[in-house]
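Engineer: Just a sequence and a predicted model for now, questions to come.
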Amino acid sequence: AQSVTQLDSHVSVSEGTPVLLRCNYSSSYSPSLFWYVQHPNKGLQLLLKYTSAATLVKGINGFEAEFKKSETSFHLTKPSAHMSDAAEYFCVVRLANTGNQFYFGTGTSLTVIP
Amino acid sequence: KAGVTQTPRYLIKTRGQQVTLSCSPISGHRSVSWYQQTPGQGLQFLFEYFSETQRNKGNFPGRFSGRQFSNSRSEMNVSTLELGDSALYLCASSLERLVGPDTQYFGPGTRLTVL
């Protein structure tokens, strides 16, 4: 069973316009949720994580994500895209009922058009 | 604090050979996970080590193995290399706190090319 689904494999936005990268998870338990970014030929960098303290999570570089339990979603947003945001983004869920293993989405490639 | 380091960064091998990749976690981190990343399959979990014991294992053949040392450094080994093993191998470490969600921190990866 798919634990995390990234709904778009590719997203293209113009510089200065909002970014929305969608992620849905499936879990009967309260999950830990993360967003990572990967620039070409680099490792993964943590953008933000959901810690259950607040449903709106702010991360680095102006990104934020909102945990919506009723929709089992954890979408990543940014008000204004920058050229440097062009990268691959991964939504990750950690499930306590599976030995705390991390499950990665298939990734969303973000293109920013000048 | 130094991040996760992986050596070597690039490696070229031929089919049938074996390879060993190394990962040094962030100081104090006790869990190390390995992932394979390819354009076709995306990020796939290989295995996780904690306190020198394999705690989780992905769906990879027995040619892929790993170990963790008492200082938390980890190595993964791939024997009898196949062309399809060409990939970016990523290592990630986490603190394994007792309370609250943990976070994985990734190294830059080792790019393995099998010819």
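Structural biologist: Received it, and whenever you're ready, just let me know what you need.

Engineer: if I read this right, B:Gln37 contacts B:Arg111, doesn't it?
Structural biologist: No - using CB atoms under 8 Å, B:Gln37 is not in contact with B:Arg111; the gap is 9.8 Å. From N, CA and C alone the C-beta is placed, and that goes for glycine too.

Engineer: Which residues are in contact with each of the two?
Structural biologist: Common neighbours of B:Gln37 and B:Arg111, counting by CB atoms under 8 Å, 6 or more residues apart in numbering or on different chains, are B:Leu88.

Engineer: Between the two, which is the more surrounded one?
Structural biologist: Shown here are B:Gln37 and B:Arg111; by other CB atoms under 10 Å in any protein chain shown, B:Gln37 has more neighbours (20 against 16).

Engineer: check whether the one helix or strand that one maps to contacts chain A.
Structural biologist: For B:Gln37, the host element (DSSP states H and E) is strand B:31-38. Yes - against chain A, strand B:31-38 shows contacts by CB under 8 Å from any CB of the partner chain at B:Ser33, B:Tyr35.

Engineer: How about the residues of chain B by chain A?
Structural biologist: Residues of chain B lying near chain A (CB under 8 Å from any CB): B:4, B:33, B:35, B:42-43, B:45, B:48, B:55-56, B:90, B:92, B:100-109, B:111.

Engineer: try 7 Å this time
Structural biologist: B:33, B:42-43, B:45, B:55-56, B:90, B:100-101, B:103-109 (CB under 7 Å from any CB of the partner chain).

Engineer: picking that back up, keeping just the C-alphas, turn the strand holding B:Gln37 into PDB.
Structural biologist: Presented in PDB, the C-alpha positions along strand B:31-38 are these (Å, rounded to 0.1, in the frame of the first residue of the first chain):
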ATOM      1  CA  SER B  31      20.700   5.500  13.000                       C
ATOM      2  CA  VAL B  32      22.000   5.200   9.500                       C
ATOM      3  CA  SER B  33      19.800   4.500   6.500                       C
ATOM      4  CA  TRP B  34      20.800   3.800   2.900                       C
ATOM      5  CA  TYR B  35      18.800   4.600  -0.200                       C
ATOM      6  CA  GLN B  36      19.300   4.000  -3.900                       C
ATOM      7  CA  GLN B  37      18.100   6.700  -6.300                       C
ATOM      8  CA  THR B  38      17.600   6.100 -10.000                       C
END
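
Engineer: Show the subsequent helix or strand relative to it.
Structural biologist: strand B:42-50.

Engineer: What strands line up against that following strand, and which way round?
Structural biologist: Sheet pairing of strand B:42-50 (DSSP bridges) gives strand B:31-38 (antiparallel), strand B:53-57 (antiparallel).

Engineer: Please compute how far that strand lies from its chain's middle.
Structural biologist: Distance of strand B:42-50 from the chain centroid (CA atoms, centre = their mean, to the nearest Å) equals 7 Å.

Engineer: Tell me if A:Tyr89 really is in a strand.
Structural biologist: Yes - when classified by DSSP: H, G, I helix; E, B strand; the rest coil, A:Tyr89 is found to be part of a strand.

Engineer: Would you quantify the distance from the residue nearest to the spatial centre of chain B to B:Tyr10?
Structural biologist: Nearest residue to the geometric centre of chain B (CA atoms, centre = their mean): B:Trp34, 2.9 Å. The gap separating B:Trp34 from B:Tyr10 is 17 Å, by CB to CB, to the nearest Å.
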